[in-house]
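Asker: here's a sequence, model it:
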Amino acid sequence: MGNACCADRDETSTVSVVTTRVGNQKEGFPLPTLLAADPNASGDVVPKGNPALIAEVPDGASVLTFRTPDASQVPMVFTKKPIGIDFCKSLPVSVKRTHPGGVAEEMGIKSGWVLVRVNDVDLQARTFPEIQELLVKFAMGLPS
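Answerer: Model (predicted):
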């Protein structure tokens, strides 16, 4: 469907991974602290922009951070598996699809979003095999 990473691949060309919520956080919403806003000196509301506030994640949970088509970075907290995402097997790694009715779909993750961070690891200079290994460890580290 227009994703260059997926256009020439068959249905087996995916990496699958897993999902959830933090405390009373509703599924489908990124970390509240990352989307919180502070007034600046003039009283304007300025969003906080530190996508690496991993200290805010509860024990046993993990974060995948995505770049959306509008260039914003959206961290999504996963507390259990399966997360319900198939990733394209090319760089930059992007969401090929979410599983219908799965956690990632319920969270609002969309096809085409680019994966930019796994927990506190920036993926910009990583190879595909390194990213694949990080995603496997990410999924294996989540409870069922």
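Asker: tell me which helix or strand residue 76 sits in.
Answerer: Secondary structure from DSSP states H and E places residue 76 in strand 73-78.
Asker: go through that strand and flag the buried ones.
Answerer: 74, 75, 76, 77, 78 (16 or more other CB atoms under 10 Å). All C-beta atoms are positioned from the backbone trio N, CA, C, and that covers glycine.
Asker: ditto for stretch 109-125
Answerer: For stretch 109-125, a neighbour-count test (16+ other CB under 10 Å) marks 109, 110, 111, 112, 113, 114, 115, 116, 117, 118, 119, 123 as buried.
Asker: avg pLDDT for the lengthiest strand in the chain?
Answerer: Criterion DSSP state E: the longest strand present in the chain is strand 80-88. Averaging pLDDT along strand 80-88 gives 93.
Asker: again with stretch 95-114
Answerer: Stretch 95-114 comes out at a mean pLDDT of 94.
Asker: would residue 139 count as being in a strand?
Answerer: No. Residue 139: not assigned to a strand; according to DSSP: H, G, I helix; E, B strand; the rest coil it is helix.
Asker: show me where the chain has its strands.
Answerer: Using DSSP E, the strands of the chain run over 14-19, 37-39, 45-47, 62-67, 73-78, 80-88, 95-98, 114-118, 121-122.
Asker: quick one: these as TSV, columns for distance to residue 144 too.
Answerer: Shown next, in TSV, are the strands of the chain (distance: least, CB to CB, whole Å):
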stretch	distance to residue 144
strand 14-19	9
strand 37-39	35
strand 45-47	34
strand 62-67	14
strand 73-78	12
strand 80-88	6
strand 95-98	19
strand 114-118	19
strand 121-122	23
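Asker: that older thread, what packs against the strand holding residue 76?
Answerer: With contacts defined as 3 or more CB pairs under 8 Å, 6 or more residues apart in numbering; DSSP states H and E, the packing partners of strand 73-78 are strand 14-19, strand 62-67, helix 103-107, strand 114-118.
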